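Trainee: Pasting the sequence and the predicted coordinates here, then a few questions.
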Amino acid sequence: MIRSISKSRPLGRLAGAGFLLALIAGLVAGPQFAPQAEEKAKDVAPPGHITFVGKNTVMTADGTFKQWRVTKAEIDNTHSEKSVIELEIDVASIDTKIAKRDEHLRSPDFFDTEKFPKATVKIYNAKLKADAKGPHPIYTCKMDFSIHGAKKTFDTAFELLSTDPIKVRGKIAMKRTDFGIGEPYQKLNPMSIEEEIPLKFEATLPK
């Protein structure tokens, strides 16, 4: 049975990945938004964060995407591998705490947000990792990430931190040049940005 995330209920640890996908949806403030409500929704801070780190020889830039939303949330509690969550990120909402740098990142030199304003994430094929060690359950899944007109599929994992409130944490490393973002890294140029960008998230699902 497939049902929307707004109707799904928390499951036990072994009921597994469908529950995890409900947690992941906490990244995007919960319910889907009607078009007329979208602008208002942009003013509401999501209950979590998506952060990344860009480095060169001279400095490290910590950044975040401040706006994102759910565009699809179907949870199959019987066959969790059939569950699907899709997210949409406003790339122009990038924030590294330096306005001039943010404008440069939005330019055609990097994200080119006028041409590619949205990034999308699709999460599916989630499974409990039975042999995981540590205090919290860990789940594996597939993630399709599309940005700057390119798409790449990752194998990744998420940690369930708590069930009340429901909180999830995860990370993934992406190579920006796989998506055509920026110039290739130049070892002899101290201002050249490293190609691998670590991305982390931690989110709480609203009740």
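Mentor: Structure's in. What do you need?
Trainee: alpha carbons only for contacts and neighbour counts from here, please
Mentor: OK.
Trainee: ok, and for the helix or strand hosting E103, which residues are buried?
Mentor: E103 belongs to helix 99-106 when elements are defined using DSSP states H and E. Neighbour counts using 16 or more other CA atoms under 10 Å place D102, L105, R106 of helix 99-106 among the buried residues.
Trainee: Using the three-state scheme, assign the spatially closest residue to the second one that is not a sequence neighbour.
Mentor: The reference is to L105. Closest residue to L105 apart from its sequence neighbours, by CA to CA, 6 or more residues apart in numbering: F111 at 6.0 Å. Of the three states, F111 takes coil under DSSP: H, G, I helix; E, B strand; the rest coil.
Trainee: Can you name the residues that contact F111?
Mentor: By CA atoms under 8 Å, 6 or more residues apart in numbering, F111 lies in contact with V91, L105, H148, I181, G182.
Trainee: quick one: it and H148, what's the gap?
Mentor: As judged by CA to CA, to the nearest Å, F111 and H148 stand 6 Å apart.
Trainee: same thing with F52?
Mentor: 16 Å.
Trainee: ditto for E202
Mentor: 24 Å.
Trainee: gap between the two ends of stretch 175-182?
Mentor: Using CA to CA, the end-to-end distance of stretch 175-182 comes out at 11 Å.
Trainee: Show me which positions of that stretch end up buried.
Mentor: R176, F179, G180, I181, G182.
Trainee: for the third one, what are its contacts?
Mentor: G180 makes contact with H148, A150, according to CA under 8 Å, 6+ apart.
Trainee: Which parts of this structure are strands?
Mentor: 2-4, 48-55, 60-65, 68-76, 84-90, 94-95, 118-128, 138-147, 150-163, 166-175, 196-204 (DSSP state E).
Trainee: Parallel or antiparallel, list what pairs with the longest one.
Mentor: In the sheet containing strand 150-163, the strands it pairs with under DSSP bridges are strand 138-147 (antiparallel), strand 166-175 (antiparallel).
Trainee: ok, and what's touching it?
Mentor: Residues from elsewhere that reach strand 150-163, judged by CA under 8 Å, 6+ apart: 10, 20, 136-146, 166-172, 178-180.
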